[in-house]
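Participant: quick one, structure for this:
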Amino acid sequence: MNYRLVILPKAQAEMADAVDWYELQRTKLGKRFISCVDKLFNIILKNPFQFSEKTPPFREALVSKFPYLIIYQVNNNEIIVYSVFHTAQNPESWQNI
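Facilitator: This next block holds a predicted model:
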């Protein structure tokens, strides 16, 4: 099945904030972060059910090399990304959608 990726505005803002923060730390680190996130999006698109449901119906996938989770839901042919969440944050805060 082909899935369509839908990234909600909150998740887009979280990614933009992370890129800005990483770029302030080191040049091109923000680009590296986005590259890792994009790779994980592609993995999720190929097989969205490979990551477990931590809080049903939401699934969590860990971004390689960065302390971030992608929190998403599979809904028919869509993968809806609710949050790109820093793992040091309060885990309940991403649910304030």
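
Participant: tell me the SS of K65?
Facilitator: Classification of K65 by DSSP: H, G, I helix; E, B strand; the rest coil places it in coil.

Participant: what lines up beside the helix or strand of the chain with the lowest mean pLDDT in the sheet?
Facilitator: Of all regular secondary-structure elements in the chain, judged by mean pLDDT, DSSP states H and E, the least confident is strand 53-55 with a mean of 90. Strand 53-55 has the following sheet partners, assigned by DSSP bridges: strand 58-62 (antiparallel).

Participant: what's the strand it pairs with in contact with?
Facilitator: Residues from elsewhere that reach strand 58-62 (CB atoms under 8 Å, 6 or more residues apart in numbering): 40, 43-44, 48-49, 51-54, 68-74, 82. For every residue, glycine as well, the C-beta is placed using N, CA and C.

Participant: buried ones in whichever helix or strand comes after it?
Facilitator: Moving toward the C-terminus from strand 58-62, the first helix or strand encountered (DSSP states H and E) is strand 68-75. Judged by neighbour count using 16 or more other CB atoms under 10 Å, the buried positions of strand 68-75 are Y68, L69, I70, I71, Y72, Q73, V74.

Participant: next, the angle strand 58-62 makes with strand 68-75.
Facilitator: Between strand 68-75 and strand 58-62, the angle formed by their directions is 150 degrees, by axes from the mean of the first three to the mean of the last three CA atoms, to 10 degrees.

Participant: any idea what the residue nearest to the spatial centre of the chain is bridged to?
Facilitator: Nearest to the mean C-alpha position of the chain, counting by CA atoms, centre = their mean, stands I70 at 2.5 Å. When bridges are called by DSSP bridges, I70 pairs up with A61, V84.

Participant: just to revisit the earlier point, with pLDDT added, can I get the buried residues of strand 68-75 in TSV?
Facilitator: Compiled in TSV, the buried residues of strand 68-75 are given as follows (pLDDT from 0 to 100):
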residue	pLDDT
Y68	97
L69	96
I70	98
I71	96
Y72	98
Q73	98
V74	98
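
Participant: contacts only, for Y72.
Facilitator: Contacts for Y72 (CB under 8 Å, 6+ apart) come out as I44, P48, F58, R59, A61, I79, I80, V81, Y82.
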